[in-house]
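In: have a look at this fold, sequence not included:
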């Protein structure tokens with residue numbers, strides 16, 4: 001044998017877990033019904049690492065009795081018994097003569113679901129003396145944090161506790177390492193107990209040794225306390241470790257930064273101006289807990305303009321991650337484009353004043369993330385507050401969500417229309433994590449009928465989620481090879497100055513013109529191009545922007561709007577009628593928020609809602625009787 005490939009530090013007493021596990025050594029504490037050490041050994045074996053040395057101390061006889069020489073697991077297991085505890089670095093130093101020239105180190109109180117071979121190969125390519133597995137977590141304030149420089153090289157390690165004024169990037173030492181054996185004994189004390197993270201790594205850095213940082217979102221958790229053990233077992237039951245693993249492509253939500261996560265201040269260039277938007281941390285925390293990657297992709301022309309240096313930008317991002325961490329949330333990755341194509345700024349950096357592929361709506365940041373993080377585009381999203389974000393998301397093959405926060409799409413740089421809209425990040429994530437799937441499951445019952453229908457009508461109260469339900473149906477039809485087009489009846493809303501409250505819901509629409517156009521489209525047996533005006537909710541009129549459609553004879557027209565089930569001529573064309581119902585209190589809150597966004601006074605809002613209650617709500621609600629399916633929604637819009 002050429003030496004052990006893996007060393008597992010398995011000498012812990014498990015004092016804090018004794019109330020749960022009884023008098024067993026910490027590595028034998030059961031996790032999901034099996035000893036933790038067995039989980040670790042099976043992981044090693046799955047990645048071709050079958051020669052393992054266990055560094056044992058407390059109650060080591062129990063471990064040896066259970067595992068023996070490893071033959072029952074088709075592995076080779078050896079033991080090094082410490083007479084007295086010498087710390088992790090001391091134990092490792094004593095084991096070095098038995099180790100292979102390159103080896104992996106795991107801790108016996110950590111649940112690991114990591115592609116160990118990929119980690120190993122990254123270390124080989126880096127040519128480093130040691131590689132540290134790093135990841136963001138939801139409690140960076142009490143974790144050892146690592147700084148990385150060019151080429152993922154470790155430049156500093158900040159052990160906790162941290163100074164009250166400290167701000168660091170959320171890159172946590174997860175206690176999984178690769179080492180080159182040669183010369184390693186020089187960095188662990190032979191006389192006094194010493195620790196790998198607190199003593200060995202700082203000594204290696206001080207001596208000019210190269211330490212490599214391997215950053216991954218894969219699942220690795222310390223389970224040394226009853227609370228942490230419970231968390232690991234809950235994560236395993238929920239499938240979180242599977243969703244974060246590299247065994248299959250992962251879901252992600254790509255996030256713009258300014259106006260989406262933090263307050264839009266216009267070319268943010270100082271860390272003091274980094275202020276989280278209300279609910280943003282809670283939204284990102286919800287993604288973390290679902291195992292959905294939270295990935296920022298942000299244009300940062302402040303670097304090209306000379307308003308901030310790369311070091312200042314890194315400090316800004318450290319502040320962002322630190323603020324999120326204080327609220328139990330973290331970003332799995334952050335990509336920033338420093339370029340800007342327009343010249344003429346006083347302090348600009350000429351080398352960065354270029355047309356690049358990474359500046360949104362370019363897709364290079366998304367493309368890189370999809371490769372580096374193994375992301376499944378089909379089930380991933382882009383959420384932002386500008387049309388650049390939406391254009392980038394659509395070019396990248398992602399579902400898109402436009403927020404009302406920040407610019408709220410008013411930049412109007414691109415004609416792209418988002419698949420969905422939401423008032424803020426928290427509402428967007430709630431829809432992505434819960435609402436979208438809930439509506440998709442309901443719609444599944446009628447997809448077979450919809451796929452053979454030329455016209456599908458979707459009615460419901462204002463702000464109940466009709467447009468979102470229509471988009472979900474469009475996606476479901478697309479999965480079956482049927483092209484569909486969502487046509488909003490809001491394109492025929494009359495300007496505010498042509499309406500009178502109290503005259504009824506149909507009086508607010510050019511219902512005859514809508515019916516005539518849609519009947520013509522439904523009857524057409526050839527390709528038709530049509531452009532419809534976009535209703536501007538803020539100005540309460542149709543603007544110059546248009547929705548353009550290229551409709552074929554066998555496409556489905558999904559017509560959605562408040563009066564969709566109230567216009568007889570439309571009903572005559574429909575192959576399927578749906579109605580969207582939302583919780584009245586939630587719907588009322590969305591209506592009020594919508595009016596506030598338009599700048600309508602509280603008095604006018606109250607008056608309008610009272611009028612709508614009298615001439616619209618009951619009429620629209622009654623039209624649900626015509627629907628083959630009533631969808632219960634929890635919609636962002």
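Out: Received the coordinates, thanks. For clarity, every value in this text was computed on a predicted model and none was experimentally measured.
In: residue 557 and residue 454, how far apart?
Out: 7 Å (CB to CB, to the nearest Å). From N, CA and C alone the C-beta is placed, and that goes for glycine too.
In: which neighbours do those two have in common?
Out: Common neighbours of residue 557 and residue 454, using CB atoms under 8 Å, 6 or more residues apart in numbering, are residue 522.
In: burial measure for residue 512, as a count.
Out: 12 (other CB atoms under 10 Å).
In: how much space separates it from residue 487?
Out: 16 Å.
In: same question, residue 319
Out: On the measure of CB to CB, residue 319 and residue 487 end up 45 Å apart.
In: try residue 410
Out: From residue 410 to residue 487 the distance is 24 Å (CB to CB).
In: more neighbours, the two?
Out: residue 487 (25 against 11).
In: and that one, what does it touch?
Out: 518, 532, 547, 549, 557-560.
In: neighbour-wise, give me the winner out of the residues you listed.
Out: Most surrounded of these: other CB under 10 Å gives residue 558, at 27 neighbours.
In: what helix or strand is that residue located in?
Out: With secondary structure defined by DSSP states H and E, residue 558 is part of strand 556-560.
In: and the next element down the chain from the least confident helix or strand in the chain by mean pLDDT?
Out: When the helices and strands of the chain are scored by mean pLDDT, DSSP states H and E, helix 18-21 comes last with a mean of 68. Following helix 18-21 in sequence order, the next helix or strand is strand 30-31 (DSSP H and E).
In: if I look at residue 443, how far off is residue 629?
Out: 8 Å.
In: oh, that last question was meant for residue 167, not what I typed.
Out: On the measure of CB to CB, residue 167 and residue 629 end up 52 Å apart.
In: next one: residue 596
Out: In terms of CB to CB, residue 596 sits 32 Å off from residue 629.
In: higher neighbour count, these two?
Out: In this view residue 596 and residue 629 are compared by other CB under 10 Å, and residue 629 has more residues nearby, 18 against 12.
In: surely the more buried one meets residue 444?
Out: No - using CB atoms under 8 Å, residue 629 is not in contact with residue 444, being 10.4 Å away.
In: surely residue 47 meets residue 121?
Out: No - using CB under 8 Å, residue 47 is not in contact with residue 121; the gap is 10.7 Å.
In: so between those two, which is more surrounded?
Out: The residue with more neighbours, out of residue 47 and residue 121, is residue 47; 17 against 12, by other CB under 10 Å.
In: the more buried one and residue 273, how far apart?
Out: 45 Å.
In: same question for residue 401.
Out: For residue 401 relative to residue 273 (CB to CB), the value is 25 Å.
In: those two: who's more crowded?
Out: Ranked by neighbour count (other CB under 10 Å), residue 401 and residue 273 place residue 401 first, with 31 against 15.
In: what does the average pLDDT come to for the one helix or strand that one maps to?
Out: According to DSSP H and E, residue 401 maps onto strand 399-403. The average of the pLDDT scores along strand 399-403 is 98.
In: how near is residue 255 to residue 294?
Out: Applying CB to CB to residue 255 and residue 294 gives a distance of 6 Å.
In: which pLDDT value belongs to residue 393?
Out: 98.
In: surely it meets residue 382?
Out: Yes - using CB under 8 Å, residue 393 is in contact with residue 382, at 2.8 Å.
In: need the overlap of contacts for the two.
Out: Joint contacts of residue 393 and residue 382 (CB under 8 Å, 6+ apart) are 254, 366, 399-400.
In: kindly reformat those residues as CSV containing neighbour count.
Out: Below are the shared contacts of residue 393 and residue 382 laid out as CSV (neighbours: other CB atoms under 10 Å):
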residue, neighbour count
254, 29
366, 26
399, 21
400, 22
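In: mind listing what the most centrally placed residue in the chain touches?
Out: The chain has residue 294 as the residue nearest its centroid, 2.7 Å off, counting by CA atoms, centre = their mean. Neighbouring residues of residue 294 by CB under 8 Å, 6+ apart: 252-253, 255, 284, 287-288, 329-332.
In: what's the most distant pair in those residues?
Out: Using CB to CB, the two most remote members of the contacts of residue 294 are 252 and 329, lying 15.2 Å apart.
In: the domain parsing of the protein - what is it?
Out: Following automatic domain parsing, the chain resolves into domains at 4-244, 249-418, 435-637.
In: determine which stretch of these is the most buried.
Out: When these are scored by mean count of other CB atoms under 10 Å, the highest mean neighbour count falls to domain 249-418 (a mean of 20).
In: could you list the residues in contact with stretch 195-214?
Out: 87-89, 92, 105, 119, 122-123, 126-134, 144, 146, 148, 152-154, 156-157, 159, 171, 173, 175, 177, 186-189, 194.
In: let's see which of the residues you listed end up in strands.
Out: Among the contacts of stretch 195-214, the members found in strands (DSSP state E) are 105, 130-134, 146, 148, 154, 156-157, 173, 175, 177.
In: of these, which pair is most distant in space?
Out: 105 and 156 (21.0 Å).
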